[in-house]
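S.K.: Below: sequence and its predicted model.
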Amino acid sequence: MKRNFFLTGLVLAGMILSLTLSSFPADKPVRVHPSCQALGIAKKGPFVLMADGALATVDEKGFYLSYDGGRSWSEPVFVCSGLNSKEPASYYLLRTKSNVLILVYLNFNGKKFSWDQEKNEPAGDCQLEVWSIRSLDGGKTWVDNQRLLSGYNPNFFGLIQTFAGRVVVPLQHLVSNPGRLVVCSFYSDDEGLSWSRSNWIDLGGHGHHDGAFEPAIAELPDGRLLMLIRTGLDRFWQAISEDGRYWRRIEPSSIEASSSPGYLLKLQSGRFVLVWNRLNPEGGTWPKTRPTPFHSELPASWHREELSLAFSDDGFNWSAPVVIARQPDGQLSYPYLFEPEPGVIWVIAGFAFKKTWEEPLELKLKLLEKDFIPKTN
């Protein structure tokens, strides 16, 4: 029988949870777990490791390489127009097993959003398209720029290649009658040259922040795919796919969450790590509200003052969550995770504010997997 180290380590997990958060850095009120360190890099990602060990990233100016762990960067090589690095979770970079670089991105060229408040429906001209582009020569040139999904498609969380070689990206899409968000995946069996779409996952709802949205994705130990889906229903919903083509098992997960996304990453150890905003703050309760009548059909928790972390060895059973950062009266949300070397995890908050949407700050953390895994005999 496979040993579940999470169940046997609950007591030590509780000890970790009881650690006092420390001020970090001194001139900012954000509090972080004492096992986290400052991540001293200027870039926010997304990152990939190249075959020669270089760290790579992309922004509006282009593709960069770093040979010193992100402290300095090469001059950029232009990739494409339409990128917006100020919008978190709007593009991801992948290096495939055969060293093809694939970028999937929200194309902000022509971006438009408006909501008809009288009808409580999205306007017909909403636009934020999903595109992809790739490089066959290590980022020197970029080819095959193409649209994957038209209409309005906000943030998404992840771009992976499965053990079998399929490239899969989870996406969300705005629909009408009633206006809500639905999710799907796009997949490619030729390393981003061509793409196909899965079935839609529709949880109902009504509002521009309602339904199924902002999905994250990872490959399970048995080769199936797990999607964690943001909802306003007090928890992530989960969808399971055999191969990324069809999602036929769709159900509530065991992970309580506010109406905020999480980032799911499969580590080189085989464990999964999730960073997200929980339904309620540690030791408290967050009121359920509708910021406007057009956000959602039902009141939801919008708790974003804390980022929590949990681990799983199978994608379904999770360790006790640990608060790794807290910004009282502010916001730490839309996390991005990266593992630059085995057991080292970078956590970068896409939205970080001293007040809800005011006084921006940066939260870039480095932590070690081993420091947060409950010890067993």
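M.R.: It's in.
S.K.: State the distance from Val104 to Val167.
M.R.: Counting by CB to CB, to the nearest Å, the gap from Val104 to Val167 is 9 Å. All C-beta spots, glycine's among them, are computed from the backbone N, C-alpha and C.
S.K.: what sits in contact with each of those two?
M.R.: Taking CB atoms under 8 Å, 6 or more residues apart in numbering as the contact definition, Val104 and Val167 share the neighbouring residues Leu94, Leu159.
S.K.: Make sure Cys36 is actually in contact with Leu368.
M.R.: No - counting by CB atoms under 8 Å, Leu368 is not a contact partner of Cys36; they are 9.3 Å apart.
S.K.: between these two, who's got more neighbours?
M.R.: Shown here are Cys36 and Leu368; by other CB atoms under 10 Å, Cys36 has more neighbours (23 against 13).
S.K.: so who does that one touch?
M.R.: Cys36 makes contacts with Phe24, Ile324, Ala325, Val347, Leu365, Lys366, Leu367, as judged by CB under 8 Å, 6+ apart.
S.K.: is it true that the fifth one touches Val347?
M.R.: Right, the one you point to is Leu365. Yes - here Leu365 reaches Val347: they are 4.4 Å apart, a contact under CB under 8 Å.
S.K.: overlap in contacts of the two?
M.R.: With contacts taken as CB under 8 Å, 6+ apart, the residues that reach both Leu365 and Val347 are Cys36, Leu39, Ile324, Ala325.
S.K.: Which of these sits closest to Pro340?
M.R.: Here the nearest of these to Pro340, counting by CB to CB, is Leu39; it sits at 9.9 Å.
S.K.: and that closest one, how many residues sit next to it?
M.R.: Here the neighbour count serves as a burial measure; for Leu39 (other CB under 10 Å) it reads 17.
S.K.: my read: it touches Glu362, true?
M.R.: No - taking CB under 8 Å as the definition, Leu39 is not a contact partner of Glu362, at 9.4 Å.
S.K.: Could you pull out the helices in this structure for me?
M.R.: Counting by DSSP state H, residue ranges of the helices within the chain are 5-8, 10-17, 369-372.
S.K.: are any of the contacts of Cys36 buried, and which?
M.R.: Neighbour-count burial within the contacts of Cys36 applies to Phe24, Ile324, Ala325, Val347, Leu365, Leu367; the criterion is 16 or more other CB atoms under 10 Å.
S.K.: Number of residues surrounding the closest residue to the second one other than its chain neighbours?
M.R.: It refers to Ile324. Setting aside the residues directly before and after it, Ile324 is nearest to His33 in space (CB to CB, 6 or more residues apart in numbering), at 4.5 Å. For His33, the number of neighbouring residues by other CB under 10 Å comes to 23.
S.K.: Am I right that His33 is in contact with Ser308?
M.R.: No - using CB under 8 Å, His33 is not in contact with Ser308, being 10.0 Å away.
S.K.: Need the overlap of contacts for those two.
M.R.: Here His33 and Ser308 have Val322, Val323, Ile324 as joint contacts, going by CB under 8 Å, 6+ apart.
S.K.: Can you tell me which of the residues you listed end up in strands?
M.R.: For the shared contacts of His33 and Ser308, membership in strands holds for Val322, Val323, Ile324, with DSSP state E as the criterion.
S.K.: Return the member of those nearest to Gly158.
M.R.: Ile324 (19.7 Å).
S.K.: Which residues are in contact with the closest one?
M.R.: For Ile324, the residues meeting the contact criterion (CB under 8 Å, 6+ apart) are Val32, His33, Cys36, Val275, Leu307, Ser308, Leu309, Val347, Leu365, Leu367.
S.K.: Same list (those) but as JSON lines, adding pLDDT and distance to Val79.
M.R.: Formatted as JSON lines, the entries for these read as follows, by pLDDT from 0 to 100; distance: CB to CB, whole Å:
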{"residue": "Val32", "pLDDT": "97", "distance to Val79": "33"}
{"residue": "His33", "pLDDT": "97", "distance to Val79": "35"}
{"residue": "Cys36", "pLDDT": "98", "distance to Val79": "32"}
{"residue": "Val275", "pLDDT": "98", "distance to Val79": "27"}
{"residue": "Leu307", "pLDDT": "98", "distance to Val79": "30"}
{"residue": "Ser308", "pLDDT": "98", "distance to Val79": "34"}
{"residue": "Leu309", "pLDDT": "98", "distance to Val79": "32"}
{"residue": "Val347", "pLDDT": "98", "distance to Val79": "25"}
{"residue": "Leu365", "pLDDT": "98", "distance to Val79": "27"}
{"residue": "Leu367", "pLDDT": "98", "distance to Val79": "30"}
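S.K.: Take these and write them to TSV, including distance to Ser333.
M.R.: Conversion of the contacts of Ile324 to TSV gives the following (distance: CB to CB, whole Å):
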residue	distance to Ser333
Val32	15
His33	17
Cys36	17
Val275	10
Leu307	8
Ser308	11
Leu309	14
Val347	12
Leu365	14
Leu367	18
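S.K.: quick revisit: adding distance to Ser98, write the shared contacts of Leu365 and Val347 out as CSV.
M.R.: Shown next, in CSV, are those (distance: CB to CB, whole Å):
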residue, distance to Ser98
Cys36, 35
Leu39, 30
Ile324, 35
Ala325, 37
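S.K.: Can I get stretch 84-98 in PDB? Just the C-alpha atoms.
M.R.: The C-alpha trace of stretch 84-98 is given here as PDB (Å, rounded to 0.1, in the frame of the first residue of the first chain):
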ATOM      1  CA  ASN A  84       0.800  42.500 -21.900                       C
ATOM      2  CA  SER A  85       3.200  41.700 -19.000                       C
ATOM      3  CA  LYS A  86       1.200  43.900 -16.700                       C
ATOM      4  CA  GLU A  87      -1.700  41.400 -16.800                       C
ATOM      5  CA  PRO A  88      -0.800  38.300 -14.800                       C
ATOM      6  CA  ALA A  89      -1.700  34.900 -16.000                       C
ATOM      7  CA  SER A  90      -2.000  36.100 -19.600                       C
ATOM      8  CA  TYR A  91       0.700  34.100 -21.300                       C
ATOM      9  CA  TYR A  92       2.900  31.000 -20.700                       C
ATOM     10  CA  LEU A  93       6.100  29.600 -22.200                       C
ATOM     11  CA  LEU A  94       6.900  25.900 -22.600                       C
ATOM     12  CA  ARG A  95      10.000  24.100 -23.800                       C
ATOM     13  CA  THR A  96       9.100  20.700 -25.200                       C
ATOM     14  CA  LYS A  97      11.100  17.500 -25.000                       C
ATOM     15  CA  SER A  98      12.500  18.200 -28.400                       C
END
